[in-house]
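Participant: fold the following and give me the result.
(chains A and B)
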Amino acid sequence: MSTEMADIHDFVKAIEPFNQLADEVIGQVISHISICYVRAGEALPPPGIEQPHVYFLRKGALAYYNGEGELLGKFGEGDICTVFCNNIDERHLKVIPEEDTLLCAIDYQQLQQVIKDYPYVLAFFMDSAAQRLQHKVASINEEAIMSSTLMNTSIGDFYHAPAVTIDEQQSIQQAAKKMTELGFSCLMVLAEGQLAGIVTDKDLRRRCIAEGVDFARPVSEIMTTDLQLIDINHSAYDALTQMTSQHIHHLPVTKNGQLAGMITVTDLMNQEGLNAVNMTSTIGKASSVSELAKIALLLPRLQIRMAKLGTTADHVGKTISAITGSFTMRLIAMAKQEFGPAPVPFAWLAAGSQARQEQFAHSDQDNALIISDDMQPEDDVWFAQLATFVCDGLAACGFIYCPGNVMATNAEWRQPARVWGQYFDKWITQPEPLALMHSSVFFDLNTVCGDASLLTNVRANMLAKTKTNTLFIAHLSGNALKLRPPLGFFRDFVLIANGKHKKTLDLKHNGIAPIVDLARIYALSEGITAVNTIERLRLAAGTPSLSTPAAANLIDAYEFLGMLRVEHQVQQLQANVEADNYLAPKEISRLEREHLKDAFKVIKSMQSNRQTTYS
Amino acid sequence: MQNLFDYFFSIERQRIKLLARAPQGPIKEFLKVPFPDPQQSLAKTPILAVDFETTGLNAKQDKLLSVGYVNINNGLIKLGTSQHSIITSAGEMSKENVIIHQITDSEKAKGSQLEQVVSQLLTDLAGKAMLVHYANIEKSFLQQACMELYGMAPVWPIIDTLALAKKQFDRQQKHYHPSQLRLVNLRADYNLPAHHEHNALNDAIATGELLLALMRHYPQGLHTPLQQFLV
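Facilitator: Residues are numbered from 1 along each chain as shown, chains lettered A, B, ... in the order given. Predicted coordinates:
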């Protein structure tokens, strides 16, 4: 065999994943190639080919259909048709050229033999869509870990040890003395040698001095007992995410389950320059809305920076959501200064993507107020003022008003817990598809600021009902199936179900939202309180609603789509273009298109499962 | 049709006659194998797509530079069977030839002797139809080489994509410029991808692909009898 076949060599070399093969291996691949030409309308395989073959398209177009004649996808020049490989569920598929088509056919068995030393290339052919996606997402996550400093830094590298503790019997004053002597802003409180709580500068101020508590009382009376801990084996990044999402500044560190020390926000800040922690801290110090608005200008830059560090979409979403939460908290504090203290307890709620911790820069605001049932009709004036102040403030910071008016300024969404309970009852027990579509945002709520128990109670009642109401779940499923992923790509277009082409892929509505919807359904069916999509999927894994492997596949698909979205938006933010979700196929490599197709397949199969369960 | 049929039979008769007086060696071995049956379908006919690169158009004066070929079986171009040989010759190459064929003198020096290449080609051609684009060149240069080497030239059943394409123009009574019959232009006409010209093997493969694309004019496609394609 000659090595002179420049045309074929260049052609094969340009096809991912073959570009990873050494030239002599490409030569071997070529030696097994049969060039064939199939007329439009004549089904593959062509006469003379009996064993399963892989086809590289040099010219023309192939369309493939399932047994029912439904179009599943198309292949254009440079695509690889693997329909005839060993995947059993794809054997009944029909592949028909739409134009006269010139193909390089290669016996699948022989190809496997030739590329046996290239497991990654081999995996492209042997693995299922879900497996390929898993490899891809694993490698993305690895890169993210490798490239981020915070992720590279283990808590063990910079935490304060040994743990500085005080016994719960000691007085508040003794605690304050110890903190002053050591220059610490926080002590861990032990009861019978076991960690029982922590006490911080803030606790001394708020729970002791402000309340006029006698400082001879035991320190246990003012400590925080609702403890967040972190294991020493976690990365600095995990600590950051935990702190920003829980709005805390101190984390006790455990080693083999035993208390080992402490890390603080300041420790993290010292680990990295411009970052989420810095930003949260400047937000906390801002004294006017205009100052906040200036800080908010940094948000797109932070998103760019995180993306460049290779941070996963999950982390970007959590960080941006946490920062939005900090803005909101600061605005609420300012409002309280202006309008006086709240007449009754309340909680400011985030809805939708912010609640799910999946928010990106330039999102719109979705929020609501849940107020104690002790509220009197005249109290609403105060809450209306608060809502207007905070929503206007958020708008000044670049979070545009919600087009659907899901905001605390809307009296409908500024209600006592009892009314929220009624809302959910109505949505769940008398479900109507349209009403459900508009209210789905309220099934993703979390408390940004205020009395978290208000939402916790409403949610507990809500989940008790959703778990048992199959009609509600059926309607929710029906709505979720309205957003379908496309079939794939054809040449430089997005191929949609009816065989039509679109110029761009709507990553949000045709990729991310369907998974978010599915995760919500699983969570509501199984009474899961989490609202973050990945957490919902993890918690639903292994329940009757979702098998463990299916959950893993959906998480991979979700992370991959999220990564493409982060990268797409970074390109736009850097070009000073408003970030959107419309991805043109030309922006991404052929291989990424293949991975996207794999993600679509995963979503489609889970949507079909829903359909068979509830139709 | 009947004429073609007769013509082919005369070629098969010529083969038998020539075999009787062929000297021992490659020519005789080649002529021993019967030519493909013209009644059988193209799918069943073993085909060798061949291309020569030469220093000019005149077989008597110009030299053969390189030979490329590949088998086509059942409508499949088998790249694993491809051959490409550069021929060593005493004379230096003109600059023009270096540019067009991208074969340098040093490469040529490392090449094979004409006899070696021609005898291998004859072995690989035995029992097959020879596919070329513009038969005159390959036919005349191969005849000339055989005369020089063995003192006798055999005959070959030939499929010529240029002749087949021309027939289509004529049948449709289309006006065409002769340059439209060039391999590169016909390939573009038939919606085939661009190829690296002036490399014997690439051109042989390109000719094979053009033959497959030309099948669109034959309602029976690859089941059309061979005789309809022969020169």
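
Participant: helices of chain B, start to end?
Facilitator: B:2-21, B:26-32, B:95-101, B:105-109, B:114-125, B:135-150, B:161-171, B:183-189, B:200-214 (DSSP state H).

Participant: so which of those is nearest chain A?
Facilitator: Nearest to chain A, of all these, is helix B:200-214, at 3.6 Å by Cβ to the nearest Cβ. For glycine as for every other residue, the C-beta is placed from the backbone atoms N, C-alpha and C.

Participant: got the residues of the stretch 101-250 of chain A near chain B?
Facilitator: Proximity of the stretch 101-250 of chain A to chain B (Cβ under 8 Å from any Cβ of the partner chain) is limited to residues A:102, A:105.

Participant: find the closest residue to chain B in the stretch 101-250 of chain A.
Facilitator: Relative to chain B, the nearest point of the stretch 101-250 of chain A is residue A:102 (6.2 Å; Cβ to the nearest Cβ).

Participant: pLDDT at that residue, what is it?
Facilitator: Per-residue pLDDT puts residue A:102 at 95.

Participant: ok, now residue B:80?
Facilitator: pLDDT, residue B:80: 94.

Participant: picking up where we left off before, any idea which of the helices of chain B is most buried?
Facilitator: Of all the helices of chain B, helix B:200-214 has the most neighbours on average by mean count of other Cβ atoms under 10 Å in any protein chain shown, namely a mean of 25.

Participant: in three-state terms, label the spatially most central residue of chain A for me.
Facilitator: Compute the mean C-alpha point of chain A, and by Cα atoms, centre = their mean the closest residue is residue A:314, 4.1 Å away. State at residue A:314, reduced to three classes by DSSP: H, G, I helix; E, B strand; the rest coil: helix.

Participant: ok, it - contacts?
Facilitator: By Cβ atoms under 8 Å, 6 or more residues apart in numbering or on different chains, the contact list for residue A:314 reads A:534, A:559, A:562.

Participant: got it, and residue B:76?
Facilitator: A:34, A:35, A:36, A:46, A:48, A:49, A:105.

Participant: just these: which are in strands?
Facilitator: Among these, the members falling in strands (DSSP state E) are A:34, A:35, A:36, A:105.

Participant: now, among the residues you listed, which is nearest to residue A:10?
Facilitator: residue A:35 (14.6 Å; Cβ to Cβ).

Participant: grab the nearest non-local neighbour of that closest one.
Facilitator: Nearest non-adjacent residue to residue A:35, counting by Cβ to Cβ, 6 or more residues apart in numbering or on different chains: residue B:77, 3.8 Å away.

Participant: for the stretch 201-350 of chain A, give me the ranges with low pLDDT.
Facilitator: Flagging of the stretch 201-350 of chain A using pLDDT under 70 yields the residue ranges A:269-275, A:277, A:308-310.

Participant: nope, chain B is what I was after
Facilitator: Residues of chain B that meet the cut-off, pLDDT under 70, sit at B:1-9, B:89-111.

Participant: kindly report the residues of it close to chain A.
Facilitator: Residues of chain B lying near chain A by Cβ under 8 Å from any Cβ: B:43, B:68, B:73-84, B:191-193, B:195-196, B:199, B:201-202, B:205-206, B:208-209, B:212-213, B:215-216, B:221-222.

Participant: restricted to strands, list these.
Facilitator: The strands, defined by DSSP E, take in B:68, B:73, B:76, B:77, B:78, B:79, B:80, B:81, B:82, B:83, B:84 from the residues of chain B next to chain A.

Participant: most surrounded residue in those residues?
Facilitator: Neighbour counts for these, by other Cβ atoms under 10 Å in any protein chain shown, peak at residue B:77, which reaches 27 neighbours.

Participant: pretty sure that residue is touching residue B:207, no?
Facilitator: No: using Cβ atoms under 8 Å as the test, residue B:77 is too far from residue B:207 to be in contact (9.8 Å).

Participant: which residues do these two both contact?
Facilitator: Counting by Cβ under 8 Å, 6+ apart, the common neighbours of residue B:77 and residue B:207 are residue B:49.

Participant: about what we covered before: could you give the backbone dihedrals for the residue of the stretch 101-250 of chain A closest to chain B?
Facilitator: Per-residue torsions, residue A:102: phi -100, psi 120 (degrees, to the nearest 10).

Participant: now the one 5 residues further on
Facilitator: Here is the backbone geometry of residue A:107 (degrees, to the nearest 10): phi -60, psi 130.

Participant: need the contact list for it.
Facilitator: A:32, A:51, A:52, A:53.

Participant: wait, which of those residues is closest to chain B?
Facilitator: Sorting the contacts of residue A:107 by distance to chain B puts residue A:32 at the head of the list, at 6.1 Å, by Cβ to the nearest Cβ.

Participant: grab the nearest non-local neighbour of that closest one.
Facilitator: Spatial nearest neighbour of residue A:32, excluding adjacent residues (Cβ to Cβ, 6+ apart): residue A:110 at 4.6 Å.

Participant: what's the neighbour count on the residue of the stretch 151-300 of chain A found nearest chain B?
Facilitator: Using Cβ to the nearest Cβ, the closest approach of the stretch 151-300 of chain A to chain B is made by residue A:300 at 43.4 Å. Residue A:300 has 22 neighbouring residues, counting by other Cβ under 10 Å.

Participant: can you mark which positions in the helix or strand it falls within are buried?
Facilitator: Following DSSP states H and E, one finds residue A:300 within helix A:298-308. For helix A:298-308, the neighbour count (16 or more other Cβ atoms under 10 Å in any protein chain shown) marks A:298, A:299, A:300, A:302, A:303, A:304, A:305, A:306, A:307 as buried.

Participant: could you do stretch A:199-214 as well?
Facilitator: Within stretch A:199-214, the residues that count as buried by 16+ other Cβ under 10 Å are A:199, A:200, A:203, A:204, A:207, A:208.

Participant: those: which two are farthest apart?
Facilitator: Using Cβ to Cβ, the buried residues of stretch A:199-214 reach their maximum pairwise distance at A:200 and A:208, which is 11.3 Å.

Participant: list the residues that contact residue B:77.
Facilitator: With Cβ under 8 Å, 6+ apart, residue B:77 has these contacts: A:34, A:35, A:36, B:49, B:70, B:71, B:205, B:208, B:209, B:212.

Participant: can you name the residues bridging to the third one?
Facilitator: Translated: residue A:36. Note on residue A:36: beta-bridge partners residue A:103, judged by DSSP bridges.

Participant: my understanding was that it contacts residue A:105; is that so?
Facilitator: Yes: here residue A:36 reaches residue A:105: they are 5.5 Å apart, a contact under Cβ under 8 Å.

Participant: which element is the spatially closest residue to residue A:313 that is not a sequence neighbour on?
Facilitator: Using Cβ to Cβ, 6+ apart and skipping residues adjacent in sequence, the residue nearest residue A:313 is residue A:562, 2.7 Å away. Assessed by DSSP H and E, residue A:562 sits inside helix A:548-574.

Participant: paired strands for the helix or strand that that helix is followed by, with orientation please.
Facilitator: Sequence-wise, the next helix or strand downstream of helix A:548-574 (DSSP H and E) is strand A:582-583. Taking DSSP bridges as the criterion, strand A:582-583 forms sheet pairs with strand A:505-506 (antiparallel).

Participant: which ones are touching residue B:44?
Facilitator: Residues in contact with residue B:44 (Cβ under 8 Å, 6+ apart) are B:36, B:74.

Participant: look up how far residue B:225 lies from it.
Facilitator: Separation of residue B:44 from residue B:225 (Cβ to Cβ, to the nearest Å): 10 Å.

Participant: residue B:151 now?
Facilitator: Per Cβ to Cβ, residue B:151 is found 35 Å from residue B:225.

Participant: neighbour count for those two, which is higher?
Facilitator: In this view residue B:151 and residue B:225 are compared by other Cβ under 10 Å, and residue B:225 has more residues nearby, 19 against 10.

Participant: what sits against that one?
Facilitator: Residue B:225 touches B:38, B:39, B:40, B:41, B:42, counting by Cβ under 8 Å, 6+ apart.

Participant: skipping adjacent residues, who's closest to the last one in space?
Facilitator: Looking back up the chat, that one is residue B:42. Nearest to residue B:42 is residue B:222, by Cβ to Cβ, 6+ apart, at 5.2 Å.
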